[in-house]
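1. sequence first, then the predicted structure, then my questions.
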Amino acid sequence: MRAMLERPLGTVLLAGVFLVAGLMGVAAFWAVLPRSPNTSPLAALLALTWSGAYVATAILTWRRSRLAPLSFLVAIALLLFPASFMFPAQWTVFPSFITIGLVAFLGYRYLQRA
């Protein structure tokens, strides 16, 4: 409890959000596990990679590592990369990519200062 009180509120909140996102990725991995020979394991591997990136970001953020900003950018990129293939030529989702990029930049800057 004492270590939590010594950390800035933003660091505690970010680590908690990253941990919840990682646990959601583990749940998504379990949900998309191939249960028949006709299903592809690609979605399960993507969900597992995504959850591992967010759990690693949560741990690095909690420990105030200098690698936390980089792992945050990797976790955001793991979300944007498959999304760019889902909507390859539609300009309607472009503003959401810009918004996610702005959030990633601000989070990166905050984690660099913390």
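-> Received the coordinates, thanks.

2. quick check: pLDDT value at Met1.
-> In this model, Met1 is scored at 57, pLDDT.

3. one more: Ala31?
-> Looking at Ala31, its pLDDT is 85.

4. now swap in the one 10 residues further on and tell me
-> As summarised for this prediction, Pro41 has a pLDDT of 83.

5. so which bits of the longest helix belonging to the chain are buried?
-> Of all the elements of type helix in the chain, the one with the most residues (DSSP state H) is helix 9-31. Residues of helix 9-31 classed as buried under the neighbour-count rule (16 or more other CB atoms under 10 Å) are Thr11, Leu14, Ala15, Phe18, Leu19, Ala21, Gly22, Gly25, Val26, Ala28, Phe29. Placement of C-beta: from N, CA and C, glycine included.

6. what residues are up against the fourth one?
-> Contacts for Phe18 were tallied using CB atoms under 8 Å, 6 or more residues apart in numbering; they are Tyr54, Val55, Thr57, Ala58, Thr61, Phe72, Ala75.
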